[in-house]
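1. Here is my input; please provide its structure:
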Amino acid sequence: MGPLVHLLTRGFVRGRKETMKYQVRLLVMSSGERLPVLCTSDGQPLIGPMVYVLTELRAQGRSSATIRHSLEAIMVLQMALDQQQIDLDARMRGGKYLQIHEVDLIARTANQPIRAFEREPAKQLSRASAANRLHYILQYLRWQAFGYLMQLDAHENGYLALRDRVEKACNALKARSPCLSIRSQSDQRQGLSDKSLAVLQTVVDGVQQVWKNEHAQARNQLMLRWLLELGIRRGELLGVRLCDINFQRLEVFIARQADAKEDPRAKQPLAKTHERVLPLSDELADLTHNYVMWCRANQGLSRRHEYLFVSGGTGKPLSLAGANKLFIALREAGLNLPDDLTAHILRHSWNDRFSKEMKRAGVSPEHEQKMRSVLMGWSPTSETAATYTRRYVRERASGAMKLMQGRLHIDGGNP
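-> Sure thing, here's the model as predicted:
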C-alpha cells in the first residue's frame, strides 16, 4: 500500500466530536490512494473489517466512497452486536449463530441515522439508505461466516448445521430490508420546478446577493452556472483543473482522477462517470476566464495548484464540505428554495431541461438516450436516465391525463 502520508483523525469521517465507540478514519497513502479504515475511538483498526476491505472491496477495485459506506454499515452492525454482547466469532466456534430476535435488533439499528447514536437530532434515514446499509451488512456477514466455514471439514457434522444457521439468519435479515415500492417514489429526488429554477437564476445572474464576500459571491455564482449548464456532478466540478479547460475550443475535459497525488484534499472529490469532453458556451467560458484571472489569482495558495475552484483566503482547492456550504447558504437565504436543494438536484434539473429540448427538436427517444448518455458520462446502454428525468416524466404523464379528462368531458363520457 505504500507508506502512510496522512491520517484523517477527526471523528467519523465528517469531523464530528469523537463521542462514538467506533469511527471510520481515512488513510492517505504516498501513492495518493485514500483508504477508509474502521477504528475504535482510540484509533485501533478492527482486524475483521480491515481484512475484508483489503481482500474483498479493495481487491475488487471499489472506490473509496463505496468502501466508506460499507464500513459505516459494518460499524452500525458492530454497535448492535456490542449492545447485545455478541461475539460472532465465538458463536461460530461453538456452532451457533444469530437468533431471530438478534436479527430484528440489527435490522432496527440499521434503520437509524448515525447521528442517533450520538444522541444528536437527526433526520429519518431514507428507505433507500437503510436498504443499502443492510445490503452492506449482509455482504460482510456472509464473508465473515464463509471465511470461518472454509476452515472446517465439509464432512463434519457441525459444518452443515452451522452453514444452515448462517443462511437462515442472513435470509431473515434480507427479508427485513425496506421494500422500495412504487409508493416510495414520491421521496425520490427530482429536478427543480420552473419557479425554483427562476429564483435560482436570479442568484446566478447576481440579482440576489447571497454571499457578502466578493470572492465567494463570484465563485459560487460561477459554480452554479457550471452545474446548471453542464449537468455535471459535484465531485466532477471540484475536480476540474485549469489544464482541463480549452478556452480556444470552448471545451472542458471531465477527467477521472481517483487517488491523485497532487490533490491535497484527504476526502478527494471524485467522478463516478466516464471521462468526456463537454462544450462551454461563450458566456460560461468568459466568466470562467475572468474568475481565473481576477478572483482566483488573488487567493492565497491558488497559484500552487491547478484546481479551478478554490477556498477564499487560503486559495486551497475547494473541499466537498465547502461546496456543501454553498447550498446550505442558498437554502437558508429566505428565497423559498427547496429544503433538499443540492448539487445533485441541479443534475436532475439539467436532465429535465434536456428532455424538453429534445422534444422541441423532434429527436427520437433512441437518439435522445444516446446523446444523454454521452453528455452525462454513462455507458451507451445505461438505463440511468430514468433516475434523472422523474419530474419531466411525471409532468408529461399528468399533462396526458388532463388531456384525456378534457376530451372525456367534451365527448360527454362516450368512449
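
2. which stretches of this protein form strands?
-> 4-8, 22-29, 34-40, 245-246, 251-254, 276-279 (DSSP state E).

3. okay, these in JSON lines with distance to R233 and mean neighbour count next?
-> For every residue, glycine as well, the C-beta is placed using N, CA and C. Shown next, in JSON lines, are the strands of the chain (distance: least, Cβ to Cβ, whole Å; neighbours: other Cβ atoms under 10 Å):
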{"stretch": "strand 4-8", "distance to R233": "22", "mean neighbour count": "14"}
{"stretch": "strand 22-29", "distance to R233": "20", "mean neighbour count": "21"}
{"stretch": "strand 34-40", "distance to R233": "17", "mean neighbour count": "21"}
{"stretch": "strand 245-246", "distance to R233": "17", "mean neighbour count": "16"}
{"stretch": "strand 251-254", "distance to R233": "9", "mean neighbour count": "18"}
{"stretch": "strand 276-279", "distance to R233": "12", "mean neighbour count": "16"}
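
4. Which of those strands has the lowest mean pLDDT?
-> Mean pLDDT values for the strands of the chain show the minimum at strand 4-8, a mean of 46.

5. Worst mean pLDDT across the helices and strands of the protein, which element?
-> strand 4-8 (a mean of 46; mean pLDDT, DSSP states H and E).

6. Next one: the most centrally placed residue in the chain from P36, what distance?
-> Computing the C-alpha centroid of the chain and ranking residues by Cα atoms, centre = their mean puts A65 first, at 7.8 Å. A65 sits 9 Å away from P36, taking Cβ to Cβ, to the nearest Å as the criterion.

7. Kindly report the same for A361.
-> If you measure A361 against P36 using Cβ to Cβ, the figure is 45 Å.

8. ditto for W378
-> 26 Å.

9. Mind listing what's buried along stretch 345-364?
-> By neighbour count, and taking 16 or more other Cβ atoms under 10 Å as the criterion, the buried residues in stretch 345-364 are I345, L346, R347, H348, S349, W350, N351, D352, R353, F354, S355, M358.

10. returning to what we had before: got the strands of the chain as JSON lines, with distance to D82 columns?
-> Putting the strands of the chain into JSON lines (distance: least, Cβ to Cβ, whole Å) gives the following:
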{"stretch": "strand 4-8", "distance to D82": "24"}
{"stretch": "strand 22-29", "distance to D82": "9"}
{"stretch": "strand 34-40", "distance to D82": "11"}
{"stretch": "strand 245-246", "distance to D82": "50"}
{"stretch": "strand 251-254", "distance to D82": "43"}
{"stretch": "strand 276-279", "distance to D82": "46"}
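
11. Who are the contact partners of R241?
-> If you count contacts by Cβ atoms under 8 Å, 6 or more residues apart in numbering, R241 has them with A255, E306, Y307, L308.

12. scratch that, K96
-> L162, R165.

13. The one 10 residues further on too?
-> Shown here is I106, whose contacts under the criterion Cβ under 8 Å, 6+ apart are L77, A80, L81, L98, I137, L173.
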